[in-house]
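Visitor: need a 3D model of the sequence below.
(2 chains)
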Amino acid sequence: MTKVILQLEALTCPSCLQKIETGLAHQEGILKSKVLFNSSKVKAEIDPDKISAKAVAQIVSKLGYEVESVKVKES
Amino acid sequence: MNVQKWVQKHNQHITYLTGALIVLGFLSKGLFHWELGYTATFIAATLVGFLPVLIHAWQALSVKVISIELLVSIAVIGALFIGEYNESAIVVFLFLFGSYLEQKTLQKTRNSIKTLTEMAPTKAWVYQENGQVQETDSDEVNAGDELLVKTGAQVPVDGVITSGHGYLNEASVTGESRVVDKSVGATVFAGTLLDNGTLRIKATRVGEDTTFGKIIELIEEAQDTKSHAEKFIDHFARYYTPAVLLLGIIVWGITQDIRLAITILVLGCPGALVIGAPVSNVAGIGNGAKRGVLIKGGEIMNTFSKVDTLVFDKTGTLTKGQTELVEMKAMPGQQRGLAYTAAIEKESDHPLGRAILAYAEAHAIEYSHLKVTQTKVVKGKGIRAVVENQTVLVGNRNLLTEAGVRLNQEQERKLTEMEEKGISTVLVAVDQQLALMLGIADTPRDGVKAALAALKAMGIKRMVMLTGDNVRTAQAISQQLGIDEVHAELLPEDKVGYVEKLKKAGHTVAFIGDGVNDSPSLASAHIGIAMGSGTDVAVETSDIVLMKSRFTELVHAYGLTKKTVKNMKENIVIAIATVAFLLIGLIFGYIYMASGMFVHEVSILVVILNGMRLLSYHTKHAA
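Guide: Numbers count the residues shown, from 1 in each chain, chains lettered A, B, ... in the order given. Next up, the predicted model:
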C-alpha cells in the first residue's frame, strides 16, 4: 500500500469536495481517499500495482483542479 | 482540455470581462438608447461568463454529481431561451464574482494555519558517503542519514546530535521562545532553529513522523474534522441540490412557466448553509493555533464549549513540577539519613526524588559509595530499601505507619506545620527510627489563580484537583489557587475513577494534565487537555493541547470554543433566514433570478465575514 498526498490549488466550494471524493471513490486501485477542504489536500491510499500516484493526480486535474505537488509515501 | 485549463487560469479576467460587458450593455441602452447593442453585449456577457460555469458543471456531472454550477447552467440556458439576456448575464457575473470574493476571504481565514505549515523545513544538508554534504529536499531524507545543521538554519528532521553543540530556539515545537543549549546525545526537533553553533545530527524521524510534522498534520486534519451538526448539513446538502433540480423540473412541468422554474434553480443554491459552519471552524482553529492552543476539530470545539467541570492534576499541571527541597529537619544523630535517601532516589525519577538529589548535589553530600539493595517501590507510598545493611524507608506517613514507625508529638506537630504551608513532605526512617523530615515545595504556575477565576466567570461550575500528595499539602495549594474541591492521596487509577464518577453524575468533564502519567484520565474525560511542551504523548492522546503550558491558554481555549460555537450557530441562522427570505420574496413576486443570486452571494460573504471575526478573538485575561 502506498500513501499519496496531493496538494491542490485552494479549494473554495464545499461542493468541489464532493466532486473529487466521488470522482476518486470508484477508481480501481484507490483503497481510501479523503479530501481536506481547508488545507486543500487529497490524501489517498492506493494499491501501487493497480494505479500510480501520477494517475491519481491526473484524475483530479481532469476534474478541474490544479495539482500543485504530489507526495508519495511507501509503507 | 486546453480550453479548460485556459479558462481556469483566466477565471478572474473572464469575471472582469463579463462585468465590463454588462456595464457596456447598460450604457448602450441608457446613454445611446441602442437596443441592439444592449441585447448583443448582454448575450456576449452571458456567453463569456457562462463558459467556466458550464465546464465545472460538466466535470461534476461526469462523476455523477449534481453541482450548484449545473443548477446555474440550466437556469442560464433557460433565461437565454426565453430572451431574458440581462438576467442571465447578471446571474453568471454575480456567480463568478461571488466565487472570486469567497476565494479571497476564505484565504484570509486560512492564513493563520498556512503561516504555520509554511514554517515546515524544506531543505536539508545530508552527508554523503564521501564525506561531502549535499543539499537535499527535506522530504527525501531517510531515518539514519547524517545531516549538517549550520547557524541560522532550521533543523530538518527529528534527530540526535552526534557531534558539535549549539543553541536552539525550539519555539515551533514547545511554544517556549527560549534558547536551549544542546550538545552530543541530545535530541533535536524538526522545525526548530539553530541560533548559534554547528551540529551534525543523525535523523531518527523524518517528514510527517516528526513532532513538528505531527502537529501540522493534526491542525490540518482538525480544520476538516467536522462536528455532528456540520456532518448533518453536508449530508443534507448532498441531497438538497438534486432535490432543487427536481423541484424546478416539477414546477416547470406543472406551470409551464420557465421563468419561475429557473428562478427556483438559482434560489435553491445551498451556498451560505454549506460554507457557514466550516468557515467558523477553520477561523476558530486558526485563531487557537496562532496562540498555542491546538484544538482537534469541530466536535471538540462543540463539546469543550459545554464543559462545566474542570479536573486538574496537581504536580506538573497546576504547579510547575520543578520541585525544590526547602526544609529539612534531621533528628539528633541522624544526619547520614540524607546520603542514604539520595542513594535510594538516585534510581527513581519521582519529582520529589529529583529535588532531594539536587539538594544533595548542591551541598556536596557524598552518596555514590553507598550500597543500595532490595529496593522496592510501594505504589503511592514510597520506597523501601536496604542501605549499608540498614532498612531505610523513604516516603509518606502511611509508609512509616504501616512499617510500625511512630512519630512523637513534637515530630507530628512539625509535620502538620509543614503540610499546612502547602509543602510536600517526605519522611525518612532508618532502622525503624524517624531520621529526617524533608519539605519539598513545588510552586504553582504563574497566573493560575487569576485564570481559574476567569474560567469560573465564563461558566465553569466546578473545579476539582486530584493529587497523589497528602491531604494537607493538597488543601493548602488548592486554597492558594481558589479550587473548591480536592481529592488527595490518590493513585493514578483512582484519578480515572473520579473522572468517571463525575461523568456519571451528568457533568461534562475536561481533564487537564501533563500528558505523561495521566493519559488514562485524559482519554476518559469528555475533553482531555494536555499541558504539553511539545511531547508526542500529549499531542496524540489529548483533544486540546496547550503548547506553552500556560493557564492563560486554557482561558483562551474555553472562551474561543464558546465564541466559535456561537459564531457557527449565527452562520446557520443567517443561511436559513436567507433561504426563507428568498422563498417569501419569490412567493410574493419580488425576487427574480438576478436579485435572488445577488442575495445569495451577499449571504455567503456575510457568513464568511462573520467567521473572520473569530480570527481576532482574544480574552481580556490573556497576556
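
Visitor: pLDDT-wise, which helix or strand of the chain ranks last?
Guide: Here I'm looking at chain A. helix A:14-25 (a mean of 79; mean pLDDT, DSSP states H and E).

Visitor: please refer instead to chain B.
Guide: Lowest mean confidence among the helices and strands of chain B (mean pLDDT, DSSP H and E): helix B:536-541, at a mean of 68.

Visitor: what are the contacting residues of the following helix or strand past it?
Guide: Later in the chain than helix B:536-541, the nearest helix or strand by DSSP states H and E is strand B:544-546. With contacts defined as CB atoms under 8 Å, 6 or more residues apart in numbering or on different chains, strand B:544-546 is touched by B:292-296, B:300, B:304, B:527-532, B:538-539, B:553-554, B:557. Bear in mind the C-beta positions are built from the backbone N, C-alpha and C, glycine included.

Visitor: buried subset of the residues you listed?
Guide: Buried members of those, scored by 16 or more other CB atoms under 10 Å in any protein chain shown, are B:292-296, B:300, B:304, B:527-532, B:538-539, B:553-554, B:557.

Visitor: taking these one by one, which sit in helices?
Guide: Among the buried ones among the contacts of strand B:544-546, the ones falling in helices (DSSP state H) are B:300, B:304, B:538-539, B:553-554, B:557.

Visitor: got the residues of chain B near chain A?
Guide: Chain B comes close to chain A at residues B:4, B:8, B:55-56, B:59-60, B:63-65, B:67-68, B:99, B:102-103, B:106-107, B:110, B:113, B:117, B:139, B:207-208, B:220-221, B:223-224, B:234, B:237-238, B:241, B:274-275, B:278, B:282, as judged by CB under 8 Å from any CB of the partner chain.

Visitor: how about low-confidence regions in chain B?
Guide: Within chain B, the ranges that satisfy pLDDT under 70 run B:1-2, B:174-177, B:270, B:349, B:515-517, B:532-538, B:620-623.

Visitor: mark out where each domain of it begins and ends.
Guide: As recorded under automatic domain parsing, the domains making up chain B are B:2-116, B:123-215, B:283-315+B:444-557, B:324-441.

Visitor: quick one: low-confidence ranges for chain A?
Guide: Applying pLDDT under 70 to chain A flags the ranges A:13-15, A:75.

Visitor: and the helices in it?
Guide: Listed in chain order, the helices of chain A (DSSP H) span A:14-25, A:53-62.

Visitor: ditto for the stretch 101-250 of chain B
Guide: Ranges of helices within the stretch 101-250 of chain B are B:171-174, B:211-224, B:228-255, based on DSSP state H, counting those that start in this stretch.

Visitor: helices and strands around the longest one, which ones?
Guide: In this structure, helix B:228-255 makes packing contacts with helix A:14-25, helix B:68-81, helix B:258-267, helix B:271-290, helix B:298-305, helix B:551-587, judged by 3 or more CB pairs under 8 Å, 6 or more residues apart in numbering or on different chains; DSSP states H and E.

Visitor: B:F42 sits in which helix or strand?
Guide: Judged by DSSP H and E, B:F42 forms part of helix B:35-62.

Visitor: tell me how far that helix lies from the chain's centre.
Guide: Here helix B:35-62 is found 44 Å from its chain centre; the criterion is CA atoms, centre = their mean, to the nearest Å.

Visitor: would you mark the buried spots in it?
Guide: Counting neighbours by 16+ other CB under 10 Å, one finds that the buried residues in helix B:35-62 are B:38-57, B:59-60.

Visitor: return the residues of chain A in contact with chain B.
Guide: Residues of chain A lying near chain B (CB under 8 Å from any CB): A:10, A:12-15, A:18-19, A:22-23, A:36-39, A:41, A:62-64, A:66, A:71, A:73.

Visitor: from those, which would you call buried?
Guide: Buried subset of the residues of chain A next to chain B (neighbour count, 16+ other CB under 10 Å): A:10, A:12-15, A:18-19, A:23, A:36-39, A:41, A:63-64.

Visitor: that older thread, to B:R472, which of the helices of the stretch 101-250 of chain B lies closest?
Guide: Nearest to B:R472, of all these, is helix B:171-174, at 33.9 Å by CB to CB.

Visitor: could you list the residues in contact with the closest one?
Guide: Contacts of helix B:171-174 (CB under 8 Å, 6+ apart): B:119, B:177-178, B:189-193, B:211-212, B:215, B:533-534, B:547-548.

Visitor: now swap in stretch B:438-445 and tell me
Guide: So stretch B:438-445 is in contact with B:315, B:318-329, B:341, B:351-352, B:355-356, B:418, B:421-428, B:477, B:480-481, B:549-551, going by CB under 8 Å, 6+ apart.

Visitor: now that stretch: buried residues?
Guide: Buried, per 16+ other CB under 10 Å, within stretch B:438-445: B:438-442, B:444-445.

Visitor: turn those into a markdown table, including secondary structure.
Guide: Below are these laid out as a markdown table (DSSP: H, G, I helix; E, B strand; the rest coil):
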| residue | secondary structure |
| --- | --- |
| B:L438 | strand |
| B:G439 | strand |
| B:I440 | strand |
| B:A441 | strand |
| B:D442 | coil |
| B:P444 | strand |
| B:R445 | coil |
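
Visitor: including distance to B:G83, could those go into a markdown table?
Guide: Below are those laid out as a markdown table (distance: CB to CB, whole Å):
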| residue | distance to B:G83 |
| --- | --- |
| B:L438 | 94 |
| B:G439 | 92 |
| B:I440 | 88 |
| B:A441 | 86 |
| B:D442 | 81 |
| B:P444 | 77 |
| B:R445 | 73 |
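
Visitor: now, which of those residues sits nearest chain A?
Guide: Closest approach between the buried residues of stretch B:438-445 and chain A, by CB to the nearest CB: B:R445, at 32.9 Å.

Visitor: closest one to B:T373 among the helices and strands packed on helix B:228-255?
Guide: Closest among these, using CB to CB: helix B:551-587, at 43.9 Å.

Visitor: run the angle between that closest one and helix B:258-267 for me.
Guide: 180 degrees (axes from the mean of the first three to the mean of the last three CA atoms, to 10 degrees).

Visitor: who touches B:E540 in this structure?
Guide: B:K214.

Visitor: what about it, distance to A:I30?
Guide: In this view, B:E540 and A:I30 are 27 Å apart by CB to CB, to the nearest Å.

Visitor: which one (most neighbours) among the contacts of helix B:171-174?
Guide: Using other CB atoms under 10 Å in any protein chain shown as the neighbour criterion, B:A190 leads the contacts of helix B:171-174 with 29 neighbours.

Visitor: surely that one touches B:G213?
Guide: Yes. Using CB atoms under 8 Å, B:A190 is in contact with B:G213, at 6.5 Å.

Visitor: pick the most deeply packed of the helices and strands packed on helix B:228-255.
Guide: Across the helices and strands packed on helix B:228-255, averaging neighbours per residue (mean count of other CB atoms under 10 Å in any protein chain shown) puts helix B:271-290 on top, at a mean of 27.
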